[in-house]
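Give me the fold of what follows.
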Amino acid sequence: MTPREKIVALHRAGDLAAAVPLYGDWLARNPGDAGMWSNLGAALRKSGRLEQALRAHRRAQALAGPRDAQVLANLANVLADLGENREAIALRRRLLELQGPDPMTEAMIGKALRADGRAPAAVDWLRGALTRHPGHVEIRLQLALALLAAGRWAEGFDAFGMRWESGELTPRRMSMPKWDGAPLDGRSLLVMPEQGFGDSIAFARFLPVARDLGASRVILAARPPLLRLLQAVQGADLVCPEAEARGDLWCDLMDLPAHGFARDAAVPPPTRLAVPEDSRARARAVTAPYRDRLRVGVVWSGSPSFRANAARSFSHERFLPLADIPGVQLFSLYKGPALAPYRADGSAAFIIDACGSDRDFADCAAMMEEMDLIVTSDTVTAHLAGSLGRPVWTLLHWDAFWLWGRGSERTAWYPSMRLIRQTRPHDWSDVFEAVARDLAALAGEKRR
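Coordinates of the predicted model:
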């Protein structure tokens, strides 16, 4: 095996920490090796170093010229990651000219059109792609997401049933038959939770649909952090742990919205939640010394296991300047691994840790009831605050969750929510300038 082959083998084995320095050594001696520049860019992209990856891919393109398909594909991938969707689309169209029809390239053009805010164009493109590549899983997934992003809820949720075929989710193994959407005719229906806690809170509002379709009994399975919170949810006869849940038939929670929107195009009111009194007493004790302040709950990260968490999250340090606004007291509503750096750098002196020891989301909900405002990244706390009807500012990255649509500051899904969006991909500066300005105005009104 040659030295060049050894570097590529390390890369393919996933040992990027070893491969990247060796790419650097190789390219210092062989600066005209377009393939290795492209490989370095791919390794840097996988490591999350997108700007550096783009730099490497630009070198590769300059050396390889306009007809090297692999170099063009790698460059298009990192451009899309950086929000440079129009150039990414142009490169992928060039790939189709060079290589002919290709389902993954066509799927990624649709994805980039959606990310660029052109959901209707994405739908049209992907429908055409599906005629050329019938049944292709990635095209079907991107079409479902484009329909949802376009607000075509009935079609989008119906199409989104294919998410279990995408390879990103493990299909469930259940001991009872899966509901096929036919009238339930007096049978009981077990509704299984979705993958994210936020999804479970957001879409539990559709449980009454099962009763409308003839279910004699609706059982909602919930994971422990949501069990107490969901006890009052409308449309469920029983909310219980997954291990105890039984029914004549079963479905996934996000199978219900397609049926709901087929009957009524309006978005239903948010999920009704239960906040136990012991949680409220605990929250009142934490906030009691700050009754004269504008109490603002903040969250800066979602679950690190979510693959797009880096794009939607930011450092807790972004919130620290808000702690200097006269009359404002910040409270962290976050629980998770990102507490370690927040505690280590002394930020907990300025942003009070209100939820780091929470038992579950019912405790977090009680703390939200004590807040005048919640400011959060796009994670479960946004759905929790919106369902409680609390004033909440949700801070969105450039390619946010399809539920939030595009452009508007308001959403029919949560009437109490304001959406504040990045104006440039991966740049939170304008978002936090708006938050600081408007929070200072709120604090000034409270002092008057």
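
who's in contact with residue 348?
332, 342 (CB atoms under 8 Å, 6 or more residues apart in numbering). Any C-beta I mention is one placed from the backbone N, CA and C, and that applies to glycine too.

which SS class is residue 420?
With DSSP: H, G, I helix; E, B strand; the rest coil as the basis, residue 420 sits in strand.

domains of this structure?
For the chain, the structural domains run 3-165, 188-263, 277-447, going by automatic domain parsing.

Please work out which of those domains is packed deepest.
domain 188-263 (a mean of 20; mean count of other CB atoms under 10 Å).

Could you find the closest non-adjacent residue to the residue sitting nearest the centre point of the chain?
Central residue of the chain (CA atoms, centre = their mean): residue 401, 5.1 Å from the mean position. In space, and not counting its chain neighbours, residue 401 is closest to residue 378: 5.9 Å by CB to CB, 6 or more residues apart in numbering.

List the backbone torsions phi and psi for that neighbour.
The phi/psi pair for residue 378 (degrees, to the nearest 10) reads phi -80, psi 80.

about what we covered before: any chance of the domains of the chain in CSV, with mean pLDDT too?
Formatted as CSV, those follow (pLDDT from 0 to 100):
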stretch, mean pLDDT
domain 3-165, 96
domain 188-263, 95
domain 277-447, 95
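
Mind checking the ones you listed for the one nearest to residue 181?
Relative to residue 181, the nearest member of the domains of the chain by CB to CB is domain 188-263, separated by 6.7 Å.

Endpoint to endpoint, the closest one covers what distance?
Using CA to CA, to the nearest Å, the end-to-end distance of domain 188-263 comes to 21 Å.

ok, back up a step: reformat the domains of the chain as JSON lines; add distance to residue 171.
Putting these into JSON lines (distance: least, CB to CB, whole Å) gives the following:
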{"stretch": "domain 3-165", "distance to residue 171": "5"}
{"stretch": "domain 188-263", "distance to residue 171": "10"}
{"stretch": "domain 277-447", "distance to residue 171": "19"}
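
Tell me the secondary structure at residue 111.
Classified using three-state DSSP, residue 111 is helix.

what sits against the closest residue to it other than its chain neighbours?
When the adjacent residues along the chain are set aside, residue 111 lies closest to residue 142, with 5.0 Å between them (CB to CB, 6+ apart). Residue 142 is in contact with 107-108, 110-111, 114, 122, 126, counting by CB under 8 Å, 6+ apart.

do that again at 6 Å, thanks
Counting by CB atoms under 6 Å, 6 or more residues apart in numbering, residue 142 touches 107, 110-111, 126.

I'd like to know how far it sits from residue 51.
According to CB to CB, to the nearest Å, residue 142 stands 26 Å off from residue 51.

which ones are touching the residue nearest to residue 401?
Counted by CB under 6 Å, 6+ apart, residue 378 has contacts 312, 394, 396, 400-401.

hmm, 10 Å instead?
Residues near residue 378 by CB atoms under 10 Å, 6 or more residues apart in numbering: 198, 299, 302, 308-309, 311-313, 394-397, 400-401, 403-404, 419.

Alpha carbons only: can I get stretch 133-144 in PDB?
Extracted C-alpha coordinates of stretch 133-144, given in PDB (Å, rounded to 0.1, in the frame of the first residue of the first chain):
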ATOM      1  CA  HIS A 133     -37.000   7.100 -10.500                       C
ATOM      2  CA  PRO A 134     -40.200   5.600  -9.200                       C
ATOM      3  CA  GLY A 135     -40.200   4.600  -5.600                       C
ATOM      4  CA  HIS A 136     -36.700   6.000  -4.800                       C
ATOM      5  CA  VAL A 137     -36.600   6.400  -1.000                       C
ATOM      6  CA  GLU A 138     -34.600   9.600  -0.800                       C
ATOM      7  CA  ILE A 139     -36.700  11.400  -3.400                       C
ATOM      8  CA  ARG A 140     -39.800  10.300  -1.600                       C
ATOM      9  CA  LEU A 141     -38.400  11.600   1.700                       C
ATOM     10  CA  GLN A 142     -37.400  14.900   0.300                       C
ATOM     11  CA  LEU A 143     -40.800  15.300  -1.400                       C
ATOM     12  CA  ALA A 144     -42.600  14.700   1.900                       C
END
